[in-house]
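**Q** Need coordinates for the following:
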Amino acid sequence: MTKHQHHQQQQHTTHFQTRKANCLSKRDKSSAGRIDPRAVDICAEINAREEYYTTSSCSGRCFLYCGDGIKSWHASTAAAAERSTDAGEEDGVSNNSNTSTGVAHGFFQRTRVNHDLIHEPTRYFNLSTITTDRTGGGDPIPTIGQFESLNNNENFKNKLEEYVPFSSSSGGATADADTTADGATASNDDAAAPIWLRYEPFILHVMCRSLKAASVLMALARPSFKNVGLTSWNVGSSNTESEEVNSNNNGDANNDNGNTINNNGTTASSSKNQQCKGGGPRYLVAIWGDEGLDMPLSLPSSPRQGLFYNCDKQDGTESGVANAEWLAQLVNERHGRNWKKIERFVDAMRSLEVDCPVDDVGDDNGAVSVGMMNSLTLLNDDDDDDQKGNKSARVLSGLPIPRSYDVVGDVAILNNLPEGDDETQKKVGEWIMKKNKAIKIVVARHCALSTEDRSPGSSGLKQLAGHPRDPIVTSHYEYGIKCVVDLNHTFFSPRMAPERLRLAQQVARGERVLVVFAGVGMDALQIAARTEAKEVLVIERNAIACECIRRGKLMLSRNKTAPCPGSGKGASERMHVLEGDGLELLPTLEKGSFDRIVAPRPKEGSLDGDLGTGDAGMSFLMVMLPLLKPKGEVHWYDFAADHELPNCDRTRKTLEKACQSLGLEMEVIHVARVGSIAKRQWRVCVDFRIIAKPAASS
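**A** Modelled structure (predicted):
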């Protein structure tokens, strides 16, 4: 490989990591505003590897619909085309590309979307209540952020009132007309359309760094899913047009009916070409299940009377209930088989060697791995010797410069004091500052994090170079969000940035989120800024850390680029801080009032870990879990030895014991390896949710 080729591959790797960070950090504009719980595991496994990132996902869902069954550009009638054209002209939208041919969106309405099992068949399949019971026991309908795209539309209020699927007399639309998925009013014929049941299996789109990485991913997915293929690629420069390949027999590689939403809020079919424009080679792999379902539940002559279950006529008879249960069984069996395939795919991804990219050897279109870099952790990734045996600048300096160090704001932090006297240590700090102009001071940690707050303390950091600063306070950017960090008196790790982003991706619209052990509040700031959570409540007992949170909240209010609606001001208004001991404050909060709890608890020295003598956080679990709503989720941090990974059975038993003592049942969604804390010791995060509540509290 020539020097020029090596430079090109390194440049491509850097561009790929930048695109990955940009894609994953964008606000989720799907209807739920989050990654599906059943897809969290596989998305986390893929995104944890530097050679991949996910662009869209759906764990599998069922829903009821009427109309064309697809968000089609072909109107079913000339009147529908005329309505769409008129609506576009009224809203000031140009339809130049379609009006000349009479092409417009077809009629399509969807309701009772459900990504889980159908637990109440007679409610879900009761078509007579389809206008009054909008969920039917399925996914809750988010009520925050659905219409922010219409804020500048003069017809916003009217459209808001019309947003009642399968129109009812109480909605904004009349009983003679329905509202389509696009907001256009449908004709009487469309409103009388029969209702269908559809099940869509798992679908996933993954961007790969190289052709070799794409090949490995497809090989791992094919034992579980039949429909796997490379849907598009770009192997040239920014001027090279992307080539597309259809991966199935019917020529539709993106077989999601236009309903799967990407991280950036666009459909996978409309965004894959955008993601393949310029910036070096890009390879998009599509993976989707093959077991779908599409069947009518009513006739055009009586759209609200079910063919299989009709509560009004059968009045809950045994035969009618059996039919509803049979319909639910059709869906639930497909859900079960679909989830097992996802689990097999997860196991296949875990079979890959950790921290060893599959494309590190590279090929003509591959990329040389230089390690995953983010904007927060600076790695000296230059080898001691290059390919020709030349010494690196770090080795040639003759100084004991560490191979890696963390960067928090404008401060470089060395985990240990460099060898040598004070003058040598000063030269090390100056060398680092010279290599990175953004670094203003260099410090080294020379004591263990033994305090209750896991902070170095006032004398725990030694400043090696730069203008003296006491205490060492800095402002730190993470994916565009800013926080304040007191490095002497608080604990903060920039290496957990991807983990904080992963948590934010799981927060749905309208959720009430509780963050305990908040530290300087970066977890809460990311959630408030990137999601449409209803409220983010923060609990922290360290007074200095609480002051950092308040300052971060103030900076968030001035952040005009925050992804959430209302920009930073809206985000900061939804964030509240409580200062005090969690064991004292948590019992005072309303029980069953939170949808999600984030608990990045600090390590309690020898009390934690596989050989720990403490209660493994049981006292906190006993006061936290009662605060959850049914199906509420918890992100619980623990500490495990390498032999306990990846299942972390000891942590699971602790969580199960706490839930059982409170009369709850739980299921683990994902176990994430967050980072190393010592040799063969890891910080892990167990995501689990409550699947049953005691009868007295429900």
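**Q** tell me the contacts of residue 64?
**A** Applying C-beta atoms under 8 Å, 6 or more residues apart in numbering to residue 64 gives the contacts 110, 111, 112, 130, 136, 195, 196, 197, 198, 297. Every C-beta, even on glycine, is put in place using the N, C-alpha and C of the backbone.
**Q** try 6 Å this time
**A** By C-beta atoms under 6 Å, 6 or more residues apart in numbering, residue 64 lies in contact with 111, 112, 195, 197.
**Q** The last one pairs with what?
**A** Legend: beta-bridge partners of residue 197 under DSSP bridges are residue 64, residue 295.
**Q** next one: the first one
**A** Residue 111 has these beta-bridge partners by DSSP bridges: residue 64.
**Q** Looking at the contacts of residue 64, which two lie furthest apart in space?
**A** 111 and 197 (11.3 Å; C-beta to C-beta).
**Q** picking up where we left off before, now distance to residue 529 too, for the contacts of residue 64, in CSV please.
**A** Listed next are the contacts of residue 64 as CSV, based on distance: C-beta to C-beta, whole Å:
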residue, distance to residue 529
111, 31
112, 32
195, 40
197, 38
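**Q** Format these as CSV; extra columns: neighbour count.
**A** Conversion of these to CSV gives the following (neighbours: other C-beta atoms under 10 Å):
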residue, neighbour count
111, 20
112, 25
195, 24
197, 20
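**Q** ok, of these, which one's closest to residue 449?
**A** Ranked by distance to residue 449 (C-beta to C-beta), the contacts of residue 64 are led by residue 112 at 50.4 Å.
**Q** So for the closest one, what's the pLDDT?
**A** pLDDT, residue 112: 92.
**Q** Backbone dihedrals for the closest residue to it other than its chain neighbours, please?
**A** Computed as C-beta to C-beta, 6 or more residues apart in numbering, the closest residue to residue 112 that is not its neighbour in sequence is residue 136, at 4.1 Å. The phi/psi pair for residue 136 (degrees, to the nearest 10) reads phi 60, psi 20.
**Q** For residue 136, which residues are in contact?
**A** Shown in contact with residue 136 (C-beta under 6 Å, 6+ apart): 112, 123, 124.
**Q** Local confidence estimate at it?
**A** Model confidence at residue 136, given as pLDDT, is 91.
**Q** got it, and residue 119?
**A** pLDDT recorded at residue 119 is 91.
**Q** Please apply the same query to residue 65.
**A** At residue 65, the pLDDT recorded in the model is 89.
**Q** Is it correct that it is in contact with residue 196?
**A** Yes - using C-beta atoms under 6 Å, residue 65 is in contact with residue 196, at 5.5 Å.
**Q** Grab the nearest non-local neighbour of the spatially most central residue of the chain.
**A** Centroid-nearest residue in the chain, with C-alpha atoms, centre = their mean: residue 505, separated by 2.5 Å. Leaving aside its chain neighbours, residue 505 sits nearest to residue 35 (5.3 Å; criterion: C-beta to C-beta, 6+ apart).
**Q** any idea how far residue 63 is from that neighbour?
**A** 18 Å (C-beta to C-beta, to the nearest Å).
**Q** same check, this time on residue 557
**A** In this view, residue 557 and residue 63 are 38 Å apart by C-beta to C-beta.
**Q** Name the residue in those two with the higher neighbour count.
**A** residue 63 (19 against 16; other C-beta atoms under 10 Å).
**Q** residues contacting the more buried one?
**A** The contact partners of residue 63, by C-beta under 6 Å, 6+ apart, come to 110, 112, 113, 198.
**Q** 8 Å instead, please
**A** Residues in contact with residue 63, defined by C-beta under 8 Å, 6+ apart, are 110, 111, 112, 113, 114, 138, 197, 198.
**Q** Can you give me the neighbour number for the spatially closest residue to it that is not a sequence neighbour?
**A** Excluding the flanking residues, the one nearest residue 63 by C-beta to C-beta, 6+ apart is residue 113, at 4.3 Å. By other C-beta under 10 Å, the residues close to residue 113 number 19.
**Q** taking the mean pLDDT, what do you get for the one helix or strand residue 326 maps to?
**A** Using DSSP states H and E, residue 326 sits in helix 318-350. Averaged over helix 318-350, pLDDT sits at 91.
**Q** What of stretch 354-371?
**A** Stretch 354-371 comes out at a mean pLDDT of 54.
**Q** Check stretch 573-582 too.
**A** Confidence over stretch 573-582 (mean pLDDT, whole number) is 94.
**Q** For the contacts of residue 63, which two are the farthest from each other?
**A** Checked with C-beta to C-beta, these reach their widest spread between 138 and 198, with 12.8 Å between them.
**Q** With neighbour numbers in mind, choose between these two.
**A** residue 138 (23 against 18).
**Q** what ranges of the protein fall below the confidence cut-off?
**A** 1-7, 71-106, 143-192, 235-280, 312-319, 361-392, 450-452, 563-569, 692-698 (pLDDT under 70).
**Q** and the gap between residue 332 and residue 476?
**A** From residue 332 to residue 476 the distance is 47 Å (C-beta to C-beta).
**Q** who has more neighbours, those two?
**A** residue 476 (22 against 18).
**Q** returning to that earlier point: now do the shared contacts for residue 138 and residue 198.
**A** Residues touching both residue 138 and residue 198 (C-beta under 8 Å, 6+ apart): 62, 63.
**Q** Buried residues, stretch 402-409. List them.
**A** By neighbour count on 16 or more other C-beta atoms under 10 Å, the buried set for stretch 402-409 is 405, 406, 407, 408, 409.
**Q** any idea which element the third one lies in?
**A** Following DSSP H and E, one finds residue 407 within strand 404-408.
**Q** what lines up beside that strand in the sheet?
**A** Counting by DSSP bridges, strand 404-408 is paired with strand 377-379 (antiparallel), strand 411-414 (antiparallel).
**Q** Which helix or strand lies directly C-terminal to the last one?
**A** Moving toward the C-terminus from strand 411-414, the first helix or strand encountered (DSSP H and E) is helix 422-435.
**Q** secondary structure element for residue 220?
**A** helix 211-221.
**Q** Specify the angle between that helix and helix 318-350 in degrees.
**A** 140 degrees (axes from the mean of the first three to the mean of the last three C-alpha atoms, to 10 degrees).
**Q** could you say what helices and strands helix 211-221 packs with?
**A** On a contact count with 3 or more C-beta pairs under 8 Å, 6 or more residues apart in numbering; DSSP states H and E, helix 211-221 meets strand 203-208, strand 227-234, strand 282-288, helix 318-350.
**Q** could I get those as CSV with distance to residue 657?
**A** Shown next, in CSV, are the helices and strands packed on helix 211-221 (distance: least, C-beta to C-beta, whole Å):
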stretch, distance to residue 657
strand 203-208, 35
strand 227-234, 41
strand 282-288, 37
helix 318-350, 25
